[in-house]
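> Model the structure of this input:
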Amino acid sequence: MTRFQTIALSATLLTGLCAAVPALARDEHKLFGIQDALTTPEALERLDKGVKLYFGKQKTPKVVKTIGEWKTNKKTNAVGKSDQKACEWVFLSAVIALQERARQEGGNAVVNIKSNYKNVEQSSDTEYTCGAGSIMAGVALVGTVVTLGK
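Got it, this is the predicted structure:
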């Protein structure tokens, strides 16, 4: 192979590689069911039953004390997983982080939980937003920690 052929082949390969990079950087914003994620075996085992969760505008018992609003932004490895499985796992991680914050602040519930992926809020009683990629999946939530009456 001549030097010119080697350079031409290298340039062709480099161009092909650069064209393939956007395909690896997939970042689809998908909606998945909150109840589906909260009823997985992992969720049933790991969620704190002492800290209630209310998404969107779900009706809550009387709020006795509003403690504050907190955000969480979690990522997980998505390699070899379906988008739904990766998103359910990272959603669970984000919800657990909100529950831990509620416990730390003395609350017993997180209300008005909304998706906040890439700082775009979406309020829903039934769905959350997940950024699903080829390598990573991410869920960002924002919620208000409160103390509910009994």
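> Check the burial of residue 41 by counting its neighbours.
Around residue 41 there are 7 other residues, counting by other Cβ atoms under 10 Å. Where you see a C-beta, it was placed from the backbone N, CA and C, and this is true even at glycine.
> show me what contacts it?
Contacts for residue 41 (Cβ atoms under 8 Å, 6 or more residues apart in numbering) come out as none.
> For my notes, confirm residue 65 occurs in a helix.
No - read with DSSP: H, G, I helix; E, B strand; the rest coil, residue 65 is strand and lies in no helix.
> hey, what's it bridged with?
Judged by DSSP bridges, the bridge partners of residue 65 are residue 147.
> which residues does it contact?
Residue 65 touches 107, 146-147, counting by Cβ under 8 Å, 6+ apart.
> quick one: buried residues of stretch 130-149?
130-133, 136-146, 148 (16 or more other Cβ atoms under 10 Å).
> I'd like the mean pLDDT over it, please.
Per-residue pLDDT over stretch 130-149 has a mean of 97.
> export stretch 67-75 as CSV, just CAs?
Output in CSV follows, covering the C-alpha atoms of stretch 67-75 (Å, rounded to 0.1, in the frame of the first residue of the first chain):
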residue,chain,number,x,y,z
ILE,A,67,-40.1,21.8,55.1
GLY,A,68,-38.7,22.6,51.7
GLU,A,69,-38.1,21.6,48.0
TRP,A,70,-35.3,19.4,46.9
LYS,A,71,-34.0,18.1,43.6
THR,A,72,-32.3,14.9,42.7
ASN,A,73,-30.5,13.9,39.5
LYS,A,74,-29.5,10.3,39.2
LYS,A,75,-27.8,8.3,36.4
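> Done for today, thanks.
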